[in-house]
Each structure stands twice: as structure tokens, then as C-alpha cells.
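J.: sequence plus the predicted model coming up.
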Amino acid sequence: MKVAVVILNWNGKGFLEKFLPSLFNSLPSYAELIVADNASTDGSKEAVHNEKIQWIQLDKNYGFTGGYNRAFEKLDGYKYYVLINSDIEITEGWLETLTDFMEKHPEASACQPKILSYANKDHFEYAGAAGGFIDRWGFPLCRGRILSCIEEDKGQYDSPIQCFWASGACMVVRSDVWHRLGGLDEEFFAHMEEIDFCWRASLAGGQIWCVPQSKVYHVGGGTLPNNSPRKLYLNYRNNLLMLWKNLPAKHKNGKIFLRKCIDGLSAVCYIFQGRFSYFKSVIKAHRDYRKLKAKVTASSANLLPYGVLPYSIIKKFFTGHKKFSQLQK
């Protein structure tokens, strides 16, 4: 068994200097560490002084999607690929736990560890927490994080669970599944691309899991801050694009129309809050979605995969259900 652990870097010199040595030293003998660089200009390569770490230099910034696709095109003979952000602090045995799970569960196409906050280590981290789901209208949520509410980790989600999506911040995926699905959809560039990938993997017959016996700590917002209008734009645009690609035809038009209405209401709220750049991001996201949907291939699936929750997470949230454990109540 060979495992490629790949960091996709873009101007992340500080994170590489801080986290890469411990990541490299943690790896079992069957794993190799590789840095794929999206044409950084901050001296990232010079910061990595280790001949045992392979460096893949890309000629421009292809985003999260294109960067990983090009990196994995250059690799051969690996059973598993690991996508891991440069701003991740690992813990002992993190990788062995994930690969052991994948070996014992051939039905699993991908899995993630429990992802905790680097800044607040007894709390979950926004991007992935303890396994991702989506609600009936396509809004993502996690065990441990619903909208803006992030839970303290008290061991309440320590059981492995089949979920809808695994976080691209730290995800193990079978290389044959990756190549069979064509990797990440480059129209996304960044954000929600891993949810789209996991959706496609589920439609192809695979399962997605969270294995919380493995845990890592994520800084988050290393490339785009959480309050960035650019990040907001990508999330709104890509969420619609993901729904257009993957929803069954019988659900597509109705659900996407309602999502557009909900997005429109949020845009109006941004105006009243004085966040005019956020309002512009929503409008631009909808405009660009209309252009992009002609470029992607829609699924022919007739069913929704496992992990789509049958209710509105927004309604649940504003009626007091702010923890994953409360959602069934």
C-alpha cells in the first residue's frame, strides 16, 4: 500500500514552516509527502529544505480544484490520495487510523478525521467538524457545526459515521475513485468542490465517512478569510452549481428556484446591514452560475444519496436547534 499525502500550497510559506516538519515526521513508512505549489510568490519553495519531500511546481494558480487535479495526474502507483491543507496540525496516528479504516471498509470511497479548531482546541472547526451533511435545500452543515454555531467537543460525536461529504481540509480518497470520477470539477475553482466530489462518489456507489478516532487541528481561513466577499461569492455560486449538477431532474428546478429566493433574501439582509460588497457577491454569484451551468454535465441520478437531511437547517437553527444532536427533536 502506497499513500500520497499532498499539500496544495499557494503563498503559504508561514504555514509550511510551522506545520510541515511535524507532518513529515508523523508519516508511516508507506506514505510520501508531496507539496504541489500553485505558483507561489512568497518564497514557499525556499522554506522547504528537505530533499525527501517531493515538490510539484505548477505554472500558475489553478485554484484548489485545478491544483489538486494536476498534482494527482503526475502521481502513479498510489492506493490512496490524502488532501491536506497547509494550515493543519496533525496528531499521533492520524493517518494510520484513516488508512486502516479504508482498508477494512472497501465500500468507503473517502473519509475524514475529526477536525478541531487550532485556535480553540476544545471546539470543532467550521470546515468539516465531525462529518458533513446537507439539508433539503442544499445548505451544508456538520456534526459539530450548524451555520454559525460551532460546538465544544465533548466526545459527543466520537463514533464513526457515514456522512454526505468529507472536508477537503483533510480527506483520504481512493485513487481509483478519484480518477474514475475525473477528480475535482475545475469550474468550482475553490469552495464546495469536495462536497460536489463526495456527492458524485456516492452516486457512483461509494460511501463517505468521518472517522473521529483520527483528529487534526485546522487554522482555517488561510487562503481566503471567512469574511471575504470573494469567499462568499464562491460559496453562493458553487452551491447552486453543485445542485444543478447532482440533483435528480424531478427535484432540480423547484429546489434551485427556492434556493435562489433564499439567496435573494440574504442579499437584501446584507443591504440593511450595510454590507454592500456581500450584496454584490450574491448578485455576481447568481449571474456567473447561469453562465457556468452550461459548461457542466448534469447527473442522470434519480435518487438523493445518503446524508441529505429531510428538513431545512435554517428553520431548525432559528427555532433553537443549533446542535447536530438536537436536529431530530
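T.: Alright, I've got the coordinates. Numbers count the residues shown, from 1 in each chain.
J.: what residues of the strand or helix carrying Asn239 count as buried?
T.: Under the criterion of DSSP states H and E, Asn239 resides in helix 229-246. Of all the residues in helix 229-246, those buried under the rule 16 or more other C-beta atoms under 10 Å are 229, 231-246. Glycine gets a C-beta too; all of them are placed from N, C-alpha and C.
J.: next SSE downstream of the biggest helix by length in the chain?
T.: Ordering each helix of the chain by length in residues (DSSP state H) puts helix 249-272 first. Counting by DSSP H and E, the next helix or strand C-terminal to helix 249-272 is helix 276-292.
J.: name the helices or strands packed onto that following helix?
T.: With contacts taken as 3 or more C-beta pairs under 8 Å, 6 or more residues apart in numbering; DSSP states H and E, helix 276-292 sits against helix 229-246, helix 249-272.
J.: how about JSON lines for the ones you listed, with distance to Asp153 added?
T.: Putting the helices and strands packed on helix 276-292 into JSON lines (distance: least, C-beta to C-beta, whole Å) gives the following:
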{"stretch": "helix 229-246", "distance to Asp153": "25"}
{"stretch": "helix 249-272", "distance to Asp153": "29"}
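J.: can you put those in a markdown table and add distance to Asp185 and mean pLDDT?
T.: Shown next, in a markdown table, are the helices and strands packed on helix 276-292 (distance: least, C-beta to C-beta, whole Å; pLDDT from 0 to 100):
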| stretch | distance to Asp185 | mean pLDDT |
| --- | --- | --- |
| helix 229-246 | 8 | 95 |
| helix 249-272 | 17 | 94 |
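J.: I'd say Tyr81 and Gly168 touch.
T.: No - with contact defined as C-beta atoms under 8 Å, Tyr81 does not reach Gly168; the gap is 11.6 Å.
J.: the two: which is more packed in?
T.: Here Tyr81 and Gly168 are compared on neighbour count by other C-beta atoms under 10 Å; more neighbours surround Gly168, at 27 against 24.
J.: now do the contacts for the more buried one.
T.: If you count contacts by C-beta atoms under 8 Å, 6 or more residues apart in numbering, Gly168 has them with 64, 83, 85, 127, 193-194.
J.: look up how far Val219 lies from Glu152.
T.: Distance of Glu152 to Val219, computed by C-beta to C-beta, to the nearest Å: 18 Å.
J.: tell me which of the two has more neighbours.
T.: More crowded of Glu152 and Val219, by other C-beta under 10 Å: Val219, with 18 against 11.
J.: disregarding residues adjacent in the polypeptide, which is nearest to the more buried one?
T.: Once flanking residues are discounted, Val219 sits nearest to Asp87: 3.7 Å by C-beta to C-beta, 6 or more residues apart in numbering.
J.: tally of neighbours for Asn25?
T.: 9.
J.: same check, this time on the one 5 residues further on
T.: Neighbours of Tyr30 under the rule other C-beta under 10 Å: 14.
J.: check contacts around it.
T.: By C-beta under 8 Å, 6+ apart, Tyr30 lies in contact with 1-3, 99.
J.: could you dump those residues to a markdown table with pLDDT?
T.: Listed next are those as a markdown table, based on pLDDT from 0 to 100:
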| residue | pLDDT |
| --- | --- |
| Met1 | 93 |
| Lys2 | 97 |
| Val3 | 98 |
| Thr99 | 98 |
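J.: just the ones in helices from those, please.
T.: Using DSSP H, the subset of the contacts of Tyr30 located in helices is Thr99.
J.: from the contacts of Tyr30, list the buried ones, please.
T.: 3, 99.
J.: taking the contacts of Tyr30 one by one, which sit in strands?
T.: In strands, judged by DSSP state E, the following of the contacts of Tyr30 are found: Val3.
J.: report the two of the contacts of Tyr30 separated the most.
T.: Lys2 and Thr99 (10.5 Å; C-beta to C-beta).
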